[in-house]
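Asker: sequence and predicted structure below; questions after.
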Amino acid sequence: MANIEQFQDKKYINLETFKKDGTGVKTPVWLILENNTIYIVTRSQTGKVKRIRNNSEVRVVPCSLKGDAEGEWQKGKARLVEGKEAERIIKLRSKKYGFMAKVAGLFSSVKGDLVVFAITLD
């Protein structure tokens, strides 16, 4: 059963995506939580985007900056968000993370355009 409440007021989640051979890859990322959906913003040329496009099954858990779990792992499905919804989530991320979002954007811009994924827990 989904426990979305554990993500309330958290800064980071550990996102586990899966390679074609089933191997999991865990990555700490920022999140936006809205209407029982977890949103992440990343760059189009990252490994996690490639893995999600091949397999939408993911696992997430609230975590520390270093990725140490701070709750229970939850299974979910990720879907690409586009258009006005994506623009709105990117603005919410900028508001939540402020200056750090700008700094991260400077260092990661070589990895492509911003993309947004919505994660719905099982």
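Answerer: That came through fine.

Asker: measure how far the helix or strand hosting residue 13 is from the centre of its chain, please.
Answerer: Applying DSSP states H and E as the criterion places residue 13 in strand 12-18. Taking CA atoms, centre = their mean, to the nearest Å, one finds strand 12-18 lying 7 Å from the centre of the chain it belongs to.

Asker: return the residue of this protein that is most distant from the centre.
Answerer: Most distant from the centre of the chain: residue 21, at 21.5 Å, with distances by CA atoms, centre = their mean.

Asker: is that residue located within a helix, as I assumed?
Answerer: No. In this structure, residue 21 is coil, not part of a helix, as judged by DSSP: H, G, I helix; E, B strand; the rest coil.

Asker: mind listing what it touches?
Answerer: The neighbours of residue 21, taking CB atoms under 8 Å, 6 or more residues apart in numbering as the test, come to nothing; the list is empty. Quick note: C-beta positions are derived from backbone N, CA and C, even for glycine.
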